[in-house]
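Visitor: my questions concern the predicted model and sequence given below.
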Amino acid sequence: MDKISFGDWASDRVAAVMGSWKFLIIQSCFLSVWVTTNLVAWVRHWDAYPFIFLNLLLSLQAAYAAPILQMCSNRQAAKDRHTLEVDLGKTVEVSKEFKMLWEAFQKHAEECRECNSKGEI
């Protein structure tokens, strides 16, 4: 297995976390608590409706998440391309072997037909 850089490793980890149900549920709960707490006013409103601070936080998250997820996606595409190239090489090899076997079979079948026509069998 080839070595990956810290950046590649980090982008893979961020993508794995952000692309999980656990992250989605935790973020949904956090947003629900934030909105409910600021609407009900059990405590002092630190971000009253229309939740400008929350919008800022979500915008920052999106601004950093998008390029990181894109890096991970590009790396995965490169891995997929490499896998396809390896698979194509194996397919070409197997195809050549199959062709050689088919030609050997055809030659053997022709020899059998010749023997059969001469009555040697």
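Guide: Great, that's in hand.
Visitor: what packs against the longest helix belonging to the chain?
Guide: As assigned by DSSP state H, the longest helix anywhere in the chain is helix 52-118. Other helices and strands packing on helix 52-118, by 3 or more Cβ pairs under 8 Å, 6 or more residues apart in numbering; DSSP states H and E, are helix 6-18, helix 21-40. C-betas here are computed from N, CA, C, even on glycine.
Visitor: mean pLDDT lowest for which of those helices?
Guide: For the helices and strands packed on helix 52-118, mean pLDDT drops lowest on helix 6-18, to a mean of 87.
Visitor: return the set of buried residues in it.
Guide: S11, D12, V14, A15 (16 or more other Cβ atoms under 10 Å).
Visitor: swap in stretch 62-78?
Guide: By neighbour count on 16+ other Cβ under 10 Å, the buried set for stretch 62-78 is I68, M71, C72, R75.
Visitor: doesn't S11 make contact with the second one?
Guide: Right, the one you point to is M71. Yes. At 4.3 Å, M71 and S11 qualify as touching, with contact defined as Cβ atoms under 8 Å.
Visitor: just to revisit the earlier point, turn the helices and strands packed on helix 52-118 into CSV, columns for distance to C115.
Guide: Shown next, in CSV, are those (distance: least, Cβ to Cβ, whole Å):
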stretch, distance to C115
helix 6-18, 63
helix 21-40, 68
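Visitor: closest to A48 out of these?
Guide: helix 21-40 (6.1 Å; Cβ to Cβ).
Visitor: what about the most centrally placed residue in the chain, distance to D87?
Guide: Geometric centre of the chain, nearest residue: Q76, 5.4 Å, by Cα atoms, centre = their mean. Per Cβ to Cβ, to the nearest Å, Q76 is found 16 Å from D87.
Visitor: and the residue nearest to the centre of the chain, how far is that from K3?
Guide: Distance of Q76 to K3, computed by Cβ to Cβ: 17 Å.
Visitor: and what of L84?
Guide: Distance, L84 to K3, by Cβ to Cβ: 22 Å.
Visitor: ok, now D12?
Guide: Distance from D12 to K3, by Cβ to Cβ: 13 Å.
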